[in-house]
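S.K.: Sequence first, then the predicted structure, then my questions.
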Amino acid sequence: MKRILDRHEIYVLIAIIVFSSLFSIINPRFLSLENFFDLLKGYSLMGIFTLGMLIVIVSGGIDLSFTAIATICGYVNALLLISYGEELNLFIIFLIAAGIGAALGMVNAVIIHKFDIAPIISTIATSNIFFGLLMFISGGKWLQGFPLWFEDFAKIKMQTLYSPEGTPYGLSIVSVIFLMLLVITALILKYTTLGRSIYAMGGDKISAKRAGINVFGIHVFVYSFMGLVAGIGGVVQLLLVNASAPNSLVGKELDVIAAVVIGGANLAGGVGTILGTLLGVILIAIMGNGLTLMRVPSIYINIIIGFLILISIGASTYRRKKTKRQRIITENN
Amino acid sequence: MVKPNIIVLISYYKMIKGANVDEPLLSLKNVNKNYGGVIALKDVDFEIMHGEIHGLVGENGSGKSTLIKIISGVVQPNPGSTIEINGLPFTSHKEIEAIDKGVMVIYQDLSLFPNLTVAENIALEQIISDHKKIISASELNQISKQAMEQININLPLDDLVNHLSVADQQLVAICRALTRNVKLIIMDEPTASLTSREVDSLFSLITDMKNKGITTLFVSHKLNEVFTIADRITVLRDGGVVGVYETTDVNEEEITMLMTGKKISYEKFIYPPATSQPILDCKNLSRKDQFDSISFQLFPGEILGITGLLGSGRTELALTLFGINQPTSGEIIFDGIPMEKMSIQKAMHKGIGYVPEDRLRQGLVIDHSFENNLIITTMEKLVNNLSFLDRGKIFKMVKYWAEGLSIKAPGGDSPVRTLSGGNQQKVVLAKWLAIRPKVLILDGPTIGIDVAAKQSIHETIKKLARDGIAIILISDEIPEVFSTCNRILVMHKGKIVREFYTEQIDQEEIRRFVYESNNNKEMIHEKDS
Amino acid sequence: MSLKLSHLSVLLIVMVVIFLGLWALCGNVFIGIENIQSMAFQIPELGILSLGMMIVMLTGGINLSLIATSNLSGIILGLLLKQFINPESTGLGVVVIIALAIMVGQLIAISIGFFNGMLVAVLDISPILATLGTMMIIRGTSLVLTNGDVISGFTSAMQVFGISDFLGIPTPFIIFLICTLIMGIILNQTTFGLKVYLIGSNPLACFFSGIKNQSVLLRTYIISGIYSGIAGLIMLSRFNSAKANYGDSYLLLTILASVMGGVSATGGFGKVSGLLISLIILQMISSGFNLLGISSYLSLVFSGIILILVMIIRYTVDKLQSRKI
């Protein structure tokens, strides 16, 4: 029992339950299946990004360039869809996005590893470079006019149900993509040597080297994976909006980091789980959604989320400090 | 020179036959190593036989760590040297290759992953070297159990390593070495954070491993422990081997002399009888779970030693006297005035200084200059009329203390990281002396400092006492407390169990009492008066 | 520290190279009075914000709420101005109201700095997360207050801060120079400044030496808040308007400028002179590219590349130096 209480995730879960109950009392529509599926679809993009971010943070790094990468992949694919739309299929689209994303991520990995530059600084720089190039080439314009099959794909649901008003809803394909990536990431982290090595490196980089872990390889994987995931996110963004909007993602990096951190990951590295991250996203989603259903204007949501982050971090910092102090004392004389 | 093909035949023969236990497990001949102009090792011949426990001792700067790095493959020696493991030549750039040959180092920091479980820590290296891509919990457990069985221990496999005690963490590190079929374990200062009971455990473990054919190289500066566990001792000094000795043929004093090349005489510190009021008076000072009913007086000009084994509460007591922690009951009376609600700033204002045990992390800002570290405690006084830092005053102060304590520091902005341990400690001392303290608490002031610098610091401490400062010296090195203190308190599990006046007894008595009281279940509260 | 010296030298070399390069490419118009004045008008915003970021980074932290704070400060100032001043009126009364409104705006910025400081210094929350949280709260508040719109139409008296000039030197630039000077004095001449550097390098040792870490950190974030408030004032004056998300791209640039200027990502080192040179470099790139008709996006790209180059040079110099030892 104590071990359960020790884990950060339980507190996030409790918060989710508390707020869900609160919101469903205020507005029963909150608990409806329709709301649930809509919410899932709406936050799938953020969820996808958090998967890559979790891995980066666990390895002891951070990546602020992923929105730029996602936007670039989205833009390139948008161009392709508009020009060659009928000859393409979804598989190729995702492949291209993943490929470009991974390649850009690799740039981050090489710079960070070879020149020992702090990830926050390096990825800020690459974010500027990527985004600047994108805006220069695209002129900041929205692109539209995707082939019909693309638009239709976005509307796919696993099981179409109908609400009392007759609007269709169901588990969107976009959510499915998110969930698939979630499972893959979870499996990698838990059951592969690579995954455990990422945790090891986040825990103690020097010991990781001594243990024979290929630190460069881990760096490459971690940032390329983030890039790959960002690329897929870029395509998902296209699906959701049915257009390419170069400006829309950049600036949202911190929301993603917030979700991962609320879920229990430690920015210093070595700590963090898929479950926690998922719960973090769910909590943010619920807060956003609950407030919307309460007819709270969306502009207040940022404020709430800000407080949420502070409270969550404050709480886990407090818990960590308590256990840390006990150990220092028992180790000294 | 033997003809090449015979060497090949012999090597081949050895490979088939297996190791010949009359031959050395590890053999180094003619090893030299220099870094730029600095000679780290000179003409070193070094041998470890199969199944022995070999001690390696030497001062800081003697070449110990370079030697370890060469043996473990981290560093390459200069060309012209021969290294053989089990008779086969060993030339490598990577730790991995040494590990493949069965040589593993357990560093003082243990190199574990605090955020991973015990099973993962034990088994991960093997899984990586086997190039396995998928990990299953059962495999991790199986590998771990196998290793633990070899030395008859049982650790909780699912616990995170950072929840374990340091002693248990060390066991994890040893198990990890066992998974790699280690033949030679090199332990670098393994007992630094262990209680004496844990040290005993470790020693019987090492002996156990010896019986199973695992050789141990025990590197430590705690000579008494080296003497307890090692069969033979190699002494390094100034980059060269002074000699290799059977433990039964020498004693500690001789080894110390060989390590330093000097005969160290320990002069007692004489303190004239107290004439004034005590500067510090502790009455029944207690802090929950740390120390209990501590009562003692401290007089100006005294050097009061506090000793005892790890876990006795000495540092906790010091932190409370310095104002970092609050006592749960009892009184601290400073210069006749009871102190309430202490804080560091209050303590410093009253004239209490604390030289912490962890010099590099608590005592100094190692990336900053000598100057900055010196003025850190007194900078408020080193300002001009505009309240700006007065470079002239600062310069004078730096000069004063550098000369006064013979601190050899390159000027300008060079970080104190580059100074020797002894000089670093002098910087810490200087910054505290700068506040003109009445009481100076020194916690393990000469840890990791070579003997010559140690003596210098001891002389400085005695001089400070003669100038009227009251000094509390916390140390677990009996010779140190015996030669610098006029009075010694022995603490055990948070209580003061005995008071000695150094004038009246000899060193052996203290040592015996300290080690025995650890074995006794009953606490004897006695005071010599 | 010989390391710092070479970083400064590297920066100076880069600055000269870029200066000469842009002069060659743009022609004499680059050194013309118009361009110099224009650069001098643009540097102050980024410059003052960067100073506010720098001092926080010196303690090993970061202030992600920097821009949001200037925006909110500007918004509140703007709202007060609109509420109490008729854009056409003039006179002493107006001046008084302006002064009061500015004070309120600054107070808001200082309070936010104080709040940040409390989170980091007292509650021991990691600066990235603390200022991330406050940034979101502040931004949300700004959006609520403005409804997402721009607030504009202020009395022309406000222009003095951002648009006027004094003997040919733009007023905001003078303000910027004063701010730089003050920061330089604080960091180099005061005991507080020395403590900032020491805490950034090893807070534990500072604690054991009697330094009140919490007090120093608190003051650091307050100063950061003050500077962001001043920047907010200048931005409002220059744009003659206030909005919730002005200068969002500035955030990354302030970090970029600080790091390029020699501030260590982990704290403890970095000089104002280095930051100043970096700012000049960044501004030259921005203006030069503008003169050449190159998209401003490309100057962003170029700045990012320069930053990485500077870090690479620093890394190689470090390696060469340590090999000598």
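M.R.: Looks like it arrived, so ask away.
S.K.: starting at the chain centroid, how far to the helix or strand harbouring C:L298?
M.R.: Take DSSP states H and E as the rule and C:L298 turns out to sit in helix C:296-324. Taking CA atoms, centre = their mean, to the nearest Å, one finds the center of helix C:296-324 at 21 Å from the center of the full chain.
S.K.: And chain A, is it touching that?
M.R.: Yes. Looking at helix C:296-324 against chain A by CB under 8 Å from any CB of the partner chain, the contacts come from C:297-305, C:307-308, C:311-312, C:315. C-beta coordinates here come from the backbone N, C-alpha and C atoms, glycine included.
S.K.: Could you dump these into CSV and include neighbour count, distance to chain B and pLDDT?
M.R.: Compiled in CSV, these are given as follows (neighbours: other CB atoms under 10 Å in any protein chain shown; distance: CB to the nearest CB, whole Å; pLDDT from 0 to 100):
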residue, neighbour count, distance to chain B, pLDDT
C:Y297, 20, 38, 85
C:L298, 17, 38, 87
C:S299, 23, 35, 83
C:L300, 26, 33, 82
C:V301, 21, 34, 89
C:F302, 20, 32, 87
C:S303, 25, 28, 84
C:G304, 25, 28, 87
C:I305, 15, 29, 90
C:L307, 27, 23, 85
C:I308, 20, 24, 90
C:M311, 21, 18, 84
C:I312, 15, 22, 89
C:Y315, 14, 17, 85
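S.K.: Closest one of the residues you listed to B:D130?
M.R.: For B:D130, the nearest member of the residues of helix C:296-324 next to chain A is C:Y315. The distance, counting by CB to CB, is 35.0 Å.
S.K.: Quick check: that closest one touching A:D116?
M.R.: Yes. Under the criterion of CB atoms under 8 Å, C:Y315 is in contact with A:D116, at a separation of 5.8 Å.
S.K.: need the contact list for residue 18.
M.R.: Using chain A. Taking CB atoms under 8 Å, 6 or more residues apart in numbering or on different chains as the criterion, A:V18 is in contact with no other residue.
S.K.: My question was about chain C, not that one.
M.R.: Residues in contact with C:I18, defined by CB under 8 Å, 6+ apart, are C:281, C:284-285, C:288.
S.K.: One more: C:Y246?
M.R.: For C:Y246, the set of contacting residues under the criterion of CB under 8 Å, 6+ apart consists of C:67, C:70-71, C:74, C:235, C:239.
S.K.: quick one: low-confidence ranges for chain A?
M.R.: Under the criterion of pLDDT under 70, the regions of chain A flagged as low confidence span A:1-6, A:166, A:251, A:296, A:298-299, A:320-333.
S.K.: tell me, what residue is most central in it?
M.R.: Ranked by distance to the mean C-alpha position of chain A (CA atoms, centre = their mean), the top residue is A:T50 at 1.7 Å.
S.K.: where does it sit relative to chain C, distance-wise?
M.R.: Here the criterion is CB to the nearest CB, to the nearest Å. By it, A:T50 lies 15 Å from chain C.
S.K.: re earlier: would you mind checking which of the contacts of C:Y246 is nearest to chain A?
M.R.: Among the contacts of C:Y246, C:I67 lies closest to chain A (CB to the nearest CB), at 10.9 Å.
S.K.: quick one: pLDDT of that closest one?
M.R.: Note for C:I67: predicted pLDDT of 94.
S.K.: hang on, it packs against C:L252?
M.R.: No. Between C:I67 and C:L252 no contact is recorded; they are 9.8 Å apart, counting by CB under 8 Å.
S.K.: higher neighbour count, the two?
M.R.: When C:I67 and C:L252 are compared on other CB atoms under 10 Å in any protein chain shown, the one with more neighbours turns out to be C:I67, at 30 against 24.
S.K.: list the contacts for the more buried one?
M.R.: With contacts taken as CB under 8 Å, 6+ apart, C:I67 has the following neighbours: C:49, C:228, C:246-248, C:250-251.
S.K.: Put the alpha carbons of stretch C:200-217 into PDB.
M.R.: In PDB, the C-alpha atoms belonging to stretch C:200-217 read as follows (Å, rounded to 0.1, in the frame of the first residue of the first chain):
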ATOM      1  CA  GLY C 200      24.500  30.000  -9.500                       C
ATOM      2  CA  SER C 201      27.700  28.000  -9.100                       C
ATOM      3  CA  ASN C 202      27.200  26.200  -5.800                       C
ATOM      4  CA  PRO C 203      24.200  27.100  -3.700                       C
ATOM      5  CA  LEU C 204      25.000  24.500  -1.100                       C
ATOM      6  CA  ALA C 205      28.400  25.900  -0.300                       C
ATOM      7  CA  CYS C 206      26.800  29.400  -0.200                       C
ATOM      8  CA  PHE C 207      24.300  28.200   2.300                       C
ATOM      9  CA  PHE C 208      27.000  26.700   4.500                       C
ATOM     10  CA  SER C 209      28.900  30.000   4.300                       C
ATOM     11  CA  GLY C 210      26.000  32.000   5.700                       C
ATOM     12  CA  ILE C 211      24.600  33.400   2.500                       C
ATOM     13  CA  LYS C 212      20.800  33.800   2.600                       C
ATOM     14  CA  ASN C 213      20.100  32.000  -0.600                       C
ATOM     15  CA  GLN C 214      16.400  32.600  -0.500                       C
ATOM     16  CA  SER C 215      16.800  36.300  -0.100                       C
ATOM     17  CA  VAL C 216      19.200  36.600  -3.000                       C
ATOM     18  CA  LEU C 217      17.000  34.500  -5.300                       C
END
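S.K.: Stretch B:125-134 vs chain A: in contact?
M.R.: Yes. Contact between stretch B:125-134 and chain A is present through B:125, B:127-129, B:132-134 (criterion: CB under 8 Å from any CB).
S.K.: Can you say which of these are buried?
M.R.: If you count burial by 16 or more other CB atoms under 10 Å in any protein chain shown, the buried members of those come out as B:125, B:127-128.
S.K.: Closest one to B:E302 out of those, please.
M.R.: Looking at those and their distance to B:E302, the nearest is B:E125, at 52.2 Å (CB to CB).
S.K.: pLDDT score assigned to the closest one?
M.R.: At B:E125, the pLDDT value in this model is 89.
S.K.: so which helix or strand takes in B:V105?
M.R.: B:V105 is located in strand B:103-106, with elements delineated by DSSP H and E.
S.K.: what element comes up after that strand heading to the C-terminus?
M.R.: Moving toward the C-terminus from strand B:103-106, the first helix or strand encountered (DSSP H and E) is helix B:118-129.
S.K.: From the contact counts, what lies against that following helix?
M.R.: When contacts are defined as 3 or more CB pairs under 8 Å, 6 or more residues apart in numbering or on different chains; DSSP states H and E, helix B:118-129 sits against helix A:193-203, helix B:95-100, helix B:137-150, helix B:166-179.
S.K.: Let me have those helices in CSV, extended by distance to chain C.
M.R.: Written out in CSV, the entries for the helices and strands packed on helix B:118-129 read as follows (distance: least, CB to the nearest CB, whole Å):
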stretch, distance to chain C
helix A:193-203, 15
helix B:95-100, 21
helix B:137-150, 32
helix B:166-179, 20
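S.K.: just checking, A:F178 touches A:G47?
M.R.: Yes. Applying CB under 8 Å, one finds A:F178 in contact with A:G47, separated by 4.8 Å.
S.K.: So which of the residues of helix C:296-324 next to chain A is the closest to B:S201?
M.R.: C:Y315 (45.4 Å).
S.K.: which residues touch the nearest residue to that closest one once chain neighbours are set aside?
M.R.: Nearest-residue entry for C:Y315: A:F115, 4.6 Å, with adjacent residues in sequence omitted and distances by CB to CB, 6 or more residues apart in numbering or on different chains. Contacts were defined as CB under 8 Å, 6+ apart; by that measure A:F115 touches C:308, C:311-312, C:315.
S.K.: where does the residue most central in space within chain B fall, helix, sheet strand or coil?
M.R.: The centre of chain B sits closest to B:A192, judged by CA atoms, centre = their mean, with a distance of 5.1 Å. Assigned with DSSP: H, G, I helix; E, B strand; the rest coil, B:A192 falls in the coil class.
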